[in-house]
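Novice: fold the following, please.
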Amino acid sequence: MHKRELTVHGPAVDELPGALYSELKAERKGSVELYEGDGFDVVVVERYYLRNNSDQQATVLLDRLDEETSLVTILSGGGGAGLLQFSMGSHQAQAGKLANRIAELCESEELSLRVTD
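Specialist: Below is the predicted model:
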């Protein structure tokens, strides 16, 4: 399992979960689900990885700390192969790719959000 955290700042912070969900859903590369809670949102992504011949899940928690700040936590896990469940680096790779996608989405003209590690 791998964990990655980002902090997102800006007036459009409440639009990020829906925008991330829409972008991932449009890719049509596995399952994507969105849960909208009270002050937090959860995006769950499941993808197949040929590298270790298994499905892997990433959970993105978007916790709104205030009107213009969200803590984004990416948890990537599952998908290990063999008796010892080696992931061959796929957990870290998936978390890193999602973090990069979130940063790119935040920096788009649509959202104009600032991301810090």
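Novice: can you give me the strands in the protein?
Specialist: Along the chain, counting by DSSP state E, strands occupy 2-9, 31-36, 40-49, 54-66, 69-77, 114-116.
Novice: tell me what the longest one is packed against?
Specialist: Spelled out, that is strand 54-66. The contact analysis (3 or more Cβ pairs under 8 Å, 6 or more residues apart in numbering; DSSP states H and E) places strand 54-66 against helix 16-27, strand 40-49, strand 69-77, helix 90-106. C-beta coordinates here come from the backbone N, C-alpha and C atoms, glycine included.
Novice: what would the ones you listed look like in TSV with distance to residue 115?
Specialist: Converted to TSV, the helices and strands packed on strand 54-66 look like this (distance: least, Cβ to Cβ, whole Å):
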stretch	distance to residue 115
helix 16-27	10
strand 40-49	16
strand 69-77	8
helix 90-106	5
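Novice: these: which one's closest to residue 2?
Specialist: Distance to residue 2, taken as Cβ to Cβ, is lowest for helix 90-106 among these, at 3.9 Å.
Novice: list the buried ones in the closest one?
Specialist: Buried residues in helix 90-106, counted by 16 or more other Cβ atoms under 10 Å: 90-91, 93-95, 98-99, 102-103, 105-106.
Novice: one more: stretch 34-41?
Specialist: In stretch 34-41, counting by 16+ other Cβ under 10 Å, buried: 34, 41.
Novice: ok, residues contacting that stretch?
Specialist: 17-18, 21, 42-44, 61-64 (Cβ atoms under 8 Å, 6 or more residues apart in numbering).
Novice: picking that back up, ok, which of the strands of the chain comes nearest residue 25?
Specialist: strand 31-36 (4.8 Å).
Novice: tell me what angle that closest one forms with strand 40-49.
Specialist: Between strand 31-36 and strand 40-49, the angle comes out at 170 degrees (axes from the mean of the first three to the mean of the last three Cα atoms, to 10 degrees).
Novice: make JSON lines from the strands of the chain and add mean pLDDT to it.
Specialist: Putting the strands of the chain into JSON lines (pLDDT from 0 to 100) gives the following:
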{"stretch": "strand 2-9", "mean pLDDT": "93"}
{"stretch": "strand 31-36", "mean pLDDT": "95"}
{"stretch": "strand 40-49", "mean pLDDT": "88"}
{"stretch": "strand 54-66", "mean pLDDT": "90"}
{"stretch": "strand 69-77", "mean pLDDT": "93"}
{"stretch": "strand 114-116", "mean pLDDT": "91"}
